[in-house]
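**Student:** heads up, no residue letters with this:
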């Protein structure tokens, strides 16, 4: 793109000098994190708050594909993981403002065999009353309870911004007998902090939606989901309907652990510079000694395990042999992965399907890895080094729900991906079209998609915006061949093939 000219020469030199491509987000995206679920970032979101455009909401999701019924202790955050949200506001791909989250686990009833127990007003002095509160009366059945802290980092200054009363993470929804009003219980996990900030941490419905099985079966999309008869090309009517699924959402009925943080824009931007780059990262201690007692011994520096800015970069752009190295690399060092960004294998897949795609090097993809006017609207903004950051122009107001497009910028809705990312943005379809070349011109515009246009449960319009956790007793996965596609109000069978 013309706006990215200062970078093109350097990017081309990296691309031309590199050897043949190496062999190296959302779910189990790298070999390392497939073995370390609590540190695995499944998705990262950043958007101007719908109900308060003076603030930005960040959402960091970790620990993929949580089966809601998988007790007895369900899905606590890992106290040995440092969870972080990072913001670059001077366009050098290094964090200028960071928020750190640490969790501590409290076992309140060590003799109870499950993390959560309760029924009605109690049973015979053995079973406590149903769980209706995170603390105080009604919380007796929360045996495994997690507290957490929030630390603000600016330069070398670290400030504990945890409110005086402390913070409690919302537990998984184990079922209606133990937690008869789970929505009210979960809402207690929204805490106010200084400067108008709000925070939430806990288990929630996984908001990512995709036909995951078909995608990773070498793009074996279901012909029954495509009235055009040519997967993965949607019809115009199918593409325009943001409320109807024609393929199964393979993440339906699953939960995920989330950290949501709402902060004033003025707190994370520089005057006159509304565009930021942001990402999430998780860390573990450099050394862990496992002992024969309940706690491990940790020492050394924090070592990065995973990071995420834009969605699906590690899943479908980075080669398998480099996925772990990418996960542990800082975004400022992403120049080494330029061959993947400028000549993605996925584009060749689309070419093999008969679609014309732009030739490499793919400089049309630079808006995903640099500061360009596509998002900032400011040609004078420094492009910065190539870096996988989720870039957000905080001066663009949120789009009302009735006008919001799941295709975001590609659908004429500039308040969504790749200008930040909202929970409702269909990043699977957007990413497919961007890789196919839509940013390079209209001749590369195809209605590519997986047939999943919405989440399986409604999402909230106020902080923390997520859907509350699925019930362990009553959850339902919408599988191929079952009822559950179509609209929420008018379900139809999901295609098996």
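**Tutor:** Ah, there it is. All values reported here derive from a predicted model rather than from experimental measurement.

**Student:** quick one: the helices in the stretch 351-497 of the chain?
**Tutor:** Using DSSP state H, counting those that start in this stretch, the helices assigned to the stretch 351-497 of the chain run over residues 373-376, 427-436.

**Student:** ok, now how distant is residue 242 from residue 45?
**Tutor:** 18 Å (Cβ to Cβ, to the nearest Å). From N, CA and C alone the C-beta is placed, and that goes for glycine too.

**Student:** over to residue 119?
**Tutor:** From residue 119 to residue 45 the distance is 36 Å (Cβ to Cβ).

**Student:** who has more neighbours, the two?
**Tutor:** residue 45 (26 against 15; other Cβ atoms under 10 Å).

**Student:** helix or strand for residue 257, which one?
**Tutor:** strand 255-264 (DSSP states H and E).

**Student:** so what touches stretch 484-497?
**Tutor:** 222-225, 243-248, 252, 456, 458, 476, 478-483 (Cβ atoms under 8 Å, 6 or more residues apart in numbering).

**Student:** buried sites along it?
**Tutor:** By neighbour count on 16 or more other Cβ atoms under 10 Å, the buried set for stretch 484-497 is 484, 485, 494, 495.

**Student:** any idea of the mean pLDDT in it?
**Tutor:** Per-residue pLDDT values across stretch 484-497 average out to 93.

**Student:** distance between it and the chain's centre?
**Tutor:** 25 Å (Cα atoms, centre = their mean, to the nearest Å).

**Student:** return the set of residues that bridge with the residue positioned nearest the centre of the chain.
**Tutor:** Central residue of the chain (Cα atoms, centre = their mean): residue 43, 1.6 Å from the mean position. Assessed by DSSP bridges, residue 43 has beta-bridge partners residue 61.

**Student:** that one touches residue 204, doesn't it?
**Tutor:** No. Counting by Cβ atoms under 8 Å, residue 43 does not reach residue 204; the two are 11.4 Å apart.

**Student:** joint contacts of those two?
**Tutor:** By Cβ under 8 Å, 6+ apart, the residues touching both residue 43 and residue 204 are residue 256.

**Student:** related to what we said a few turns ago, next, format the buried residues of stretch 484-497 as a markdown table and append distance to residue 276.
**Tutor:** Formatted as a markdown table, those follow (distance: Cβ to Cβ, whole Å):
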| residue | distance to residue 276 |
| --- | --- |
| 484 | 38 |
| 485 | 37 |
| 494 | 39 |
| 495 | 41 |
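
**Student:** just the closest of the residues you listed to residue 302, please.
**Tutor:** Nearest to residue 302, judged by Cβ to Cβ, of the buried residues of stretch 484-497 is residue 484 at 42.0 Å.

**Student:** mind listing the strands for the stretch 51-200 of the chain?
**Tutor:** 55-66, 82-88, 97-107, 144-154, 157-160, 167-168, 191-192, 198-205 (DSSP state E, counting those that start in this stretch).

**Student:** mind checking the pLDDT average for the third one?
**Tutor:** Predicted confidence along strand 97-107 averages 97 (mean pLDDT).

**Student:** what do you get for the last one?
**Tutor:** The predicted model assigns strand 198-205 a mean pLDDT of 98.

**Student:** which strands or helices does that strand pack on?
**Tutor:** Packed against strand 198-205, as judged by 3 or more Cβ pairs under 8 Å, 6 or more residues apart in numbering; DSSP states H and E, are the following elements: strand 191-192, strand 255-264.

**Student:** tell me which of those sits most buried.
**Tutor:** strand 255-264 (a mean of 24; mean count of other Cβ atoms under 10 Å).

**Student:** test my guess that residue 409 contacts residue 421.
**Tutor:** No. The pair residue 409 / residue 421 is not scored as a contact, 10.8 Å apart, by Cβ under 8 Å.

**Student:** so what's the residue count around the residue lying closest to residue 374 once chain neighbours are set aside?
**Tutor:** Distances taken as Cβ to Cβ, 6 or more residues apart in numbering place residue 367 nearest to residue 374, at 4.3 Å, with adjacent residues excluded. Residues near residue 367, counting by other Cβ under 10 Å, number 24.

**Student:** same deal with the one 10 residues further on?
**Tutor:** Residues near residue 377, counting by other Cβ under 10 Å, number 15.

**Student:** again with residue 355
**Tutor:** If we define neighbours as other Cβ under 10 Å, then residue 355 has 15 of them.

**Student:** same deal with the one 4 residues further on?
**Tutor:** By the other Cβ under 10 Å criterion, the neighbourhood of residue 359 contains 11 residues.

**Student:** okay, it: pLDDT?
**Tutor:** 94.

**Student:** quick check: phi and psi on it?
**Tutor:** With angles defined as degrees, to the nearest 10, residue 359 sits at phi -80, psi 150.

**Student:** wait, isn't the residue nearest to residue 374 in contact with residue 376?
**Tutor:** No. Between residue 367 and residue 376 there is no contact under Cβ under 8 Å: 9.7 Å.

**Student:** tell me, what's touching the two both at once?
**Tutor:** By Cβ under 8 Å, 6+ apart, the residues touching both residue 367 and residue 376 are residue 391.

**Student:** sorry, back to before: which among the contacts of stretch 484-497 end up buried?
**Tutor:** 222, 224, 225, 244, 245, 246, 247, 248, 252, 456, 478, 480.

**Student:** would JSON lines of those with distance to residue 69 and secondary structure be doable?
**Tutor:** Shown next, in JSON lines, are the buried ones among the contacts of stretch 484-497 (distance: Cβ to Cβ, whole Å; DSSP: H, G, I helix; E, B strand; the rest coil):
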{"residue": "222", "distance to residue 69": "27", "secondary structure": "coil"}
{"residue": "224", "distance to residue 69": "29", "secondary structure": "helix"}
{"residue": "225", "distance to residue 69": "28", "secondary structure": "helix"}
{"residue": "244", "distance to residue 69": "28", "secondary structure": "coil"}
{"residue": "245", "distance to residue 69": "24", "secondary structure": "strand"}
{"residue": "246", "distance to residue 69": "28", "secondary structure": "coil"}
{"residue": "247", "distance to residue 69": "25", "secondary structure": "coil"}
{"residue": "248", "distance to residue 69": "19", "secondary structure": "coil"}
{"residue": "252", "distance to residue 69": "14", "secondary structure": "coil"}
{"residue": "456", "distance to residue 69": "16", "secondary structure": "coil"}
{"residue": "478", "distance to residue 69": "16", "secondary structure": "coil"}
{"residue": "480", "distance to residue 69": "21", "secondary structure": "coil"}
